[in-house]
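Q: below is the sequence, then the predicted model.
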Amino acid sequence: DTGVSQNPRHKITKRGQNVTFRCDPISEHNRLYWYRQTLGQGPEFLTYFQNEAQLEKSRLLSDRFSAERPKGSFSTLEIQRTEQGDSAMYLCASSSTVGRPSDYNEQFFGPGTRLTVL
Amino acid sequence: DQQVKQNSPSLSVQEGRISILNCDYTNSMFDYFLWYKKYPAEGPTFLISISSIKDKNEDGRFTVFLNKSARHLSLHIVPSQPGDSAVYFCAARDAGNMLTFGGGTRLMVKP
């Protein structure tokens, strides 16, 4: 296992189009997180899953955003009717609550999907 | 309302010297703190962490100090190397599971 992977790495779309990103976490990590990062800022939390259950959503996650993790493995993040303000890097991270307690708090990030909305 | 702040957007240090990156937080409920390093076009990479019950954690050239009364933490890198040049983010976790990040500090280590 080479870590968290995200696809696509880059996405350019026109305003009003729908986009979907995929995240594959580290194998056997039961927690999966989505963050958004804009230029010059730190990542901002969007939502997280434990297995297939979506347990927390940020107020940043508007109705146009939906995330799923249907089988508790990979996750998708869909943005409907994209707006120029959605342009950002979308980061996925995973962590585990199984194994060494010292590992519980560490979230491992993927390379991100950079979205540009024209 | 920024709960985690890194007030220095950039820091330049000579190779071999100490780099000190600072981070302040306002939420007293944060119980775990982490430092991440980020290179361009890559996701953040975990570097070192500290629990709120400790005041120091060391891992090789990296040491994190936590001052709970001042709600301040710092990352020390000794000795600094050119490969350490990157953006460093501090992050904090509360009873939930999300991380709250600072805005980052760009470290440049000059040879």
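A: Noted; the coordinates are in hand. What you see is a predicted model, and the numbers here were worked out from it, not measured in a lab.

Q: to what extent is whichever residue of chain B sits closest to chain A buried, counted in neighbours?
A: Relative to chain A, the nearest point of chain B is B:Phe101 (3.1 Å; CB to the nearest CB). Where you see a C-beta, it was placed from the backbone N, CA and C, and this is true even at glycine. Other residues within reach of B:Phe101 by the criterion other CB atoms under 10 Å in any protein chain shown amount to 25.

Q: check the one 4 residues further on too.
A: For B:Thr105, the neighbour count with other CB under 10 Å is 21.

Q: just the one 3 residues further on next, same as before
A: Residues within reach of B:Met108, counting by other CB under 10 Å, total 14.

Q: in which helix or strand does it reside?
A: Element membership of B:Met108, judged by DSSP states H and E, is strand B:105-110.

Q: so what's the closest residue in space to B:Phe30 that isn't next to it in sequence up against?
A: The shortest distance from B:Phe30 to any residue other than its chain neighbours is 4.0 Å, reached at B:Ala92 (CB to CB, 6 or more residues apart in numbering or on different chains). For B:Ala92, the residues meeting the contact criterion (CB atoms under 8 Å, 6 or more residues apart in numbering or on different chains) are B:Gln3, B:Val4, B:Tyr25, B:Asn27, B:Phe30, B:Tyr32, B:Phe33, B:Leu34, B:Leu99, B:Thr100.

Q: can you list the residues you listed in TSV and add secondary structure, neighbour count and pLDDT?
A: Listed next are the contacts of B:Ala92 as TSV, based on DSSP: H, G, I helix; E, B strand; the rest coil; neighbours: other CB atoms under 10 Å in any protein chain shown; pLDDT from 0 to 100:
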residue	secondary structure	neighbour count	pLDDT
B:Gln3	coil	15	93
B:Val4	strand	23	96
B:Tyr25	strand	22	97
B:Asn27	coil	13	92
B:Phe30	coil	21	92
B:Tyr32	strand	17	92
B:Phe33	strand	25	94
B:Leu34	strand	22	95
B:Leu99	strand	29	90
B:Thr100	strand	20	94
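
Q: would you mind giving those residues as JSON lines with distance to B:Glu58 added?
A: Shown next, in JSON lines, are the contacts of B:Ala92 (distance: CB to CB, whole Å):
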{"residue": "B:Gln3", "distance to B:Glu58": "26"}
{"residue": "B:Val4", "distance to B:Glu58": "22"}
{"residue": "B:Tyr25", "distance to B:Glu58": "21"}
{"residue": "B:Asn27", "distance to B:Glu58": "25"}
{"residue": "B:Phe30", "distance to B:Glu58": "21"}
{"residue": "B:Tyr32", "distance to B:Glu58": "17"}
{"residue": "B:Phe33", "distance to B:Glu58": "14"}
{"residue": "B:Leu34", "distance to B:Glu58": "15"}
{"residue": "B:Leu99", "distance to B:Glu58": "22"}
{"residue": "B:Thr100", "distance to B:Glu58": "24"}
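
Q: list just the nearest of those residues to A:Glu68.
A: Ranked by distance to A:Glu68 (CB to CB), the contacts of B:Ala92 are led by B:Leu99 at 21.5 Å.

Q: beta partners of the closest one?
A: The bridge-partner assignment for B:Leu99, based on DSSP bridges, gives B:Arg93.
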